[in-house]
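In: need a structure here:
(2 chains)
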Amino acid sequence: MYLYDEFDERLVRERVAQFASQVERRLSGALTEDEFRPLRLKNGLYLQLHSYMLRIAIPYGALNARQLRRLAHIADVHDRGYGHFTTRTNLQFHWAKLKDVPSVLGLLADVGMHCIQTSGNCIRNVTADPFAGVAFDEIEDPRPVAELIRQWSSLHPEFEWLARKFKIAVSGAAQDRTVMKSHDLGVRIVRDAASGAIGYRILVGGGLGRSPMEAQVLRDFLPREDLLAFLEAALRVYNLAGRRDNKWKARIKFLVLDIGVEVFRARVEEEFARIDKTKANANPAEEARIASFFASPPYESLPEISRSLEQAVARDEELARFVGNNLTRHKRKGYAALTISLKAIGGIAGDISSGQMRAVADLAELYSFDEARVTYAQNLVLPHVRLDDVPLIFARLKEQGLATANVGLITDIISCPGLDYCALATARSIPIAQALSQKFADPARQKDIGELSIKISGCVNACGHHHVGAIGILGLEKKGAESYQITLGGEAGDDYALGELLGPGLPAEKVPEAVERLVAVYLARREAGENFIETTRRLGLAPFKTAFKEIADAVA
Amino acid sequence: MLLLDRHGPKEDVWERAETLCQAETNFVLTPFGAIAESPLVQTDLRLAALLEPNRALDEVTPFFDRLDMIVVHFPSAADGRGFSTARQLRQAGFKGILRAFGPLISDQFPQALACGFDEVEIIGAAAARQPVEHWMEALKRISFLYQRDYGAQDSIPEQRLARAAHV
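Out: Prediction:
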């Protein structure tokens, strides 16, 4: 993975000192609260319901053991012994103390980490495919491009005061695993059919929130050398024309909607034509330097099948379930990418204790070439484990309560922190996720139901991605009580779709029953080999609405 | 009011006028619209235009030859359109003075210079609260940038290249 050189480190340390000076100037009155707030946010410091929250960037979700141990240390000494992974692969500490923040930022800088631009109206932490570099369906590893974009977008003099936040995702595989179409801008590595050259398809104008929109193609094929100049052009057009009068209409998706993607494209291409590419684009030598950090680790030559794993699986039903659900095919024979679910039954989605962080650090170091990844689904990945080592890793994870075999299943629920922490929330998310997780806890039942994504947000801002859940749950406040709207048919990947509303909002205690009814429709009507989302697509909304109505009517 | 360039505070020589005929000196700063509407100009008059952030570049470029200075208005510190306006003006070949004008904060001084501004004019309470030292210190806080084409010759990528060449 990428390691800081002295320039990266210097920049991060100078940024810490700059923030300390900003805090000082706020305290002396040189800066007003309105002037200070965006500076605080651009350093990842939020004011939440009960305390400050510190959001740490994990660029494209990549972590090593040293970083994980440092996060564990910060959790123990400066927070409450745990952290929370978000749907943008960041880590949040929810009980930060203002006076500790400068020393925490220093502790992060020691291990090549920071909180720069994890909030505020600027280019946010760039995300990528969690299986980057190991996926069997990969055209090219997206991490070098993601790191190039991380550097280019950090402390950008022109784009630190945008109309609104700006999120970029990068993917290099045949299948999208980044929710790219929900991003302000997507960079998709593609191979040009005619020339065989590798370049980028650029998407623009996606987003969730109260007005969800699917990203559209901005440039079908961009030669790789032109990436930074093109990004500069797109960001400049947005910076100049994005709405400044209404924060709810300020994201780039509204600009693209207002003027149409053709006009937006024409403006970007016009600006792109004016930019001096030799100065704006990355130097090939610098690109090569960055790429060198992502060379394949020294894999062993292994047989495709691991006899020892097969034997262990035959003896242990739990291990068999884990292998069935939590392993992803690796490009190398004899290896797998292993997903660690942070969705223990009845637990809190994305939460991880300091002890668990240390255990994952040890496993990454011993069995995965010192690498771990964070996924947008709030899980972790050990990207290259030998199949032979899986039983041992499983045993160690089990000791830590990290061996939940539910990746992609109904209890692998995405949830934002909701009203338990968040100042924006209108309803709780965590207890809903916990109740659903408990209701569907039985492994045999989960296996029977199969692949099904439930996504929960505690307000319209949609941090829990409810629009793109097969079953989406949105918590609102109605006449002083929490009310949950349920949508059906959302999808996050290449078959991107926004879920459709089934009916009126339900009280919290009715949500598990309603979900159970929807699942029952699927189980009764599915055809052989059909998963939940495929059945909803074939049947349409009607039978699910009928089932939902029985619950809604009983409430009303 | 506070007027600064990268070397420190400076005197403002420009006289503000709503229209060109009102001008009493030879250094006149007037809204861009007033210049665009008056084709006749005295040869010895030095002109500066105040530009609102929504003004299209194509409207301004025909007047580059007549303008010694363009002043880009920042309605608020959080409104960063002016940074992109400056980049576009420089990219289009404007060689005169570029001034950022508005209630900026000192942390934005290096950003303004990197985007092509020569100076910043701070108005109102923001000028009273932030003394000159804050602005000059802001220039020293971040030594080098990742972006190659934002003024400095010593960007991080350039320094990395130079270093690799010496190994």
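In: Could you check how many residues crowd around the residue in chain B that chain A sits nearest to?
Out: Per Cβ to the nearest Cβ, B:G80 is where chain B lies closest to chain A, at 2.6 Å. (C-beta placed from N, C-alpha, C; glycine too.) For B:G80, the neighbour count with other Cβ atoms under 10 Å in any protein chain shown is 27.
In: Now do the contacts for it.
Out: Taking Cβ atoms under 8 Å, 6 or more residues apart in numbering or on different chains as the criterion, B:G80 is in contact with A:158-162, A:239.
In: can you do 6 Å?
Out: Counting by Cβ atoms under 6 Å, 6 or more residues apart in numbering or on different chains, B:G80 touches A:W161.
In: May I ask which helix or strand encompasses the residue nearest the centre of chain B?
Out: Geometric centre of chain B, nearest residue: B:R99, 2.6 Å, by Cα atoms, centre = their mean. Assessed by DSSP states H and E, B:R99 sits inside strand B:97-102.
In: Please determine whether that strand lies in contact with chain A.
Out: No - in terms of Cβ under 6 Å from any Cβ of the partner chain, no part of strand B:97-102 sits within range of chain A; the closest distance is 11.6 Å.
In: lowest-confidence helix or strand of the chain?
Out: You didn't pick a chain, so chain A it is. strand A:45-47 (a mean of 88; mean pLDDT, DSSP states H and E).
In: not what I meant, chain B
Out: Per mean pLDDT, DSSP H and E, bottom of the list for chain B is helix B:32-36, a mean of 88.
In: Would you indicate which residues of that helix are buried?
Out: Going by neighbour count (16 or more other Cβ atoms under 10 Å in any protein chain shown), the buried part of helix B:32-36 is B:32-35.
In: what's in contact with the helix or strand just after the least confident helix or strand of chain A?
Out: Using DSSP H and E, the helix or strand that follows strand A:45-47 in sequence is strand A:52-56. For strand A:52-56, contacts defined as Cβ under 6 Å, 6+ apart pick out A:44-46, A:90-94, A:96, A:98, A:115, A:118.
In: now swap in stretch A:57-72 and tell me
Out: A:1, A:89-91, A:111, A:113-114, A:118, A:125, A:127-128, A:130, A:143, A:146, A:150, A:354, A:357-358, A:360-361, A:364-365, A:370, A:372-374.
In: Mark which of the residues you listed are part of helices, please.
Out: Here DSSP state H is the test, and the contacts of stretch A:57-72 give A:143, A:146, A:150, A:354, A:357-358, A:360-361, A:364-365 as lying in helices.
In: what bridges to the residue nearest to the centre of chain B?
Out: B:V71, B:E119 (DSSP bridges).
In: B:V71 is in contact with that one, correct?
Out: Yes - judged on Cβ atoms under 6 Å, B:R99 makes contact with B:V71 at a distance of 4.5 Å.
In: so how many other residues sit close to A:A30?
Out: Neighbour tally, A:A30, other Cβ under 10 Å: 20.
In: I'd like the secondary structure assignment at it, please.
Out: Here A:A30 is recorded as coil under DSSP: H, G, I helix; E, B strand; the rest coil.
In: Please name the nearest non-neighbouring residue to it.
Out: Of all residues not flanking A:A30 in the chain, B:R129 sits nearest, at 5.0 Å (Cβ to Cβ, 6 or more residues apart in numbering or on different chains).
In: coming back round to it: can you name the two of the contacts of strand A:52-56 that sit furthest apart?
Out: Largest separation among the contacts of strand A:52-56 by Cβ to Cβ: A:N90 and A:L98, giving 19.5 Å.
In: which of those two has more neighbours?
Out: Taking neighbours as other Cβ under 10 Å, A:N90 and A:L98 compare with A:N90 leading, 23 against 13.
In: show me the contacts for the more buried one.
Out: A:55, A:57-58, A:118, A:125.
In: again with B:A23
Out: Contacts of B:A23 by Cβ under 6 Å, 6+ apart are B:A17.
In: Get me the contact residues on chain A for chain B.
Out: A:7, A:14, A:18, A:30, A:35, A:38, A:151-152, A:154, A:157-158, A:161, A:236, A:239-240, A:244, A:274, A:279-280, A:283, A:285-286.
In: Write out the residues of chain B neighbouring chain A.
Out: B:77-81, B:83-84, B:87, B:91, B:105, B:111, B:114-115, B:129-130, B:141-142, B:146, B:148-150, B:156-157, B:161.
In: run the last query once more with 7 Å
Out: Within chain B, the residues that sit near chain A (Cβ under 7 Å from any Cβ of the partner chain) are B:77-81, B:83-84, B:87, B:91, B:105, B:107, B:111, B:114-115, B:129-130, B:134, B:141-150, B:156-157, B:159-161, B:164.
In: Among the residues you listed, name the buried ones.
Out: B:77-81, B:83-84, B:87, B:91, B:105, B:107, B:111, B:114-115, B:129-130, B:134, B:141-142, B:144-150, B:156-157, B:159-161.
In: What strands line up against the least confident helix or strand of chain A, and which way round?
Out: Going by DSSP bridges, the partners of strand A:45-47 are strand A:52-56 (antiparallel).
In: Any chance of the backbone angles for residue 63?
Out: By default, I'm working from chain A. Backbone torsions for A:L63, taken as degrees, to the nearest 10, come to phi -140, psi 150.
In: For it, give the beta-bridge partners.
Out: A:A372.
In: what's the spacing between it and chain B?
Out: Distance from A:L63 to chain B, counting by Cβ to the nearest Cβ, to the nearest Å: 22 Å.
In: now do A:S415
Out: From A:S415 to chain B the distance is 31 Å (Cβ to the nearest Cβ).
In: Run through the residues that contact that residue.
Out: A:349, A:429-430, A:433, A:456, A:464 (Cβ atoms under 7 Å, 6 or more residues apart in numbering or on different chains).
In: one more time with 8 Å, if that's ok
Out: Neighbouring residues of A:S415 by Cβ under 8 Å, 6+ apart: A:348-350, A:378, A:429-430, A:432-433, A:455-456, A:464.
In: Need these in CSV (columns: distance to B:K10, pLDDT and neighbour count).
Out: Listed next are the contacts of A:S415 as CSV, based on distance: Cβ to Cβ, whole Å; pLDDT from 0 to 100; neighbours: other Cβ atoms under 10 Å in any protein chain shown:
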residue, distance to B:K10, pLDDT, neighbour count
A:I348, 57, 94, 21
A:A349, 56, 93, 29
A:G350, 53, 95, 26
A:Q378, 53, 96, 25
A:S429, 55, 95, 32
A:I430, 57, 94, 21
A:I432, 61, 96, 26
A:A433, 60, 96, 28
A:K455, 56, 97, 31
A:I456, 57, 96, 29
A:G464, 53, 94, 31
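In: Would it be right to say that A:G186 lies in a strand?
Out: Yes - counting by three-state DSSP, one finds A:G186 located in a strand.
In: tell me the pLDDT at the residue of chain B closest to chain A?
Out: pLDDT, B:G80: 98.
In: what's the answer for A:V555, then?
Out: For A:V555, the pLDDT comes out at 84.
In: So, low pLDDT: which residues of chain B?
Out: Flagging of chain B using pLDDT under 70 yields the residue ranges B:39-43.
In: can you give me the strands for it?
Out: Taking DSSP state E as the test, the strands found in chain B are B:2-5, B:8-9, B:15-16, B:27-31, B:46-51, B:69-73, B:97-102, B:119-122.
In: Using CSV, lay out the ones you listed together with distance to A:P298.
Out: Formatted as CSV, those follow (distance: least, Cβ to Cβ, whole Å):
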stretch, distance to A:P298
strand B:2-5, 55
strand B:8-9, 56
strand B:15-16, 69
strand B:27-31, 66
strand B:46-51, 58
strand B:69-73, 54
strand B:97-102, 53
strand B:119-122, 53
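In: Domain ranges for chain A, per the record?
Out: Chain A breaks down into these domains under automatic domain parsing: A:6-110, A:134-292, A:307-399, A:414-555.
In: ok, now which ones touch the residue of chain A found nearest chain B?
Out: With Cβ to the nearest Cβ, the shortest gap between chain A and chain B falls at A:W161, namely 2.6 Å. A:W161 sits next to A:38, A:121-122, A:239, B:77-80, B:83, B:108 when contact means Cβ under 8 Å, 6+ apart.
In: helix or strand for A:T487, which one?
Out: For A:T487, the host element (DSSP H and E) is strand A:481-488.
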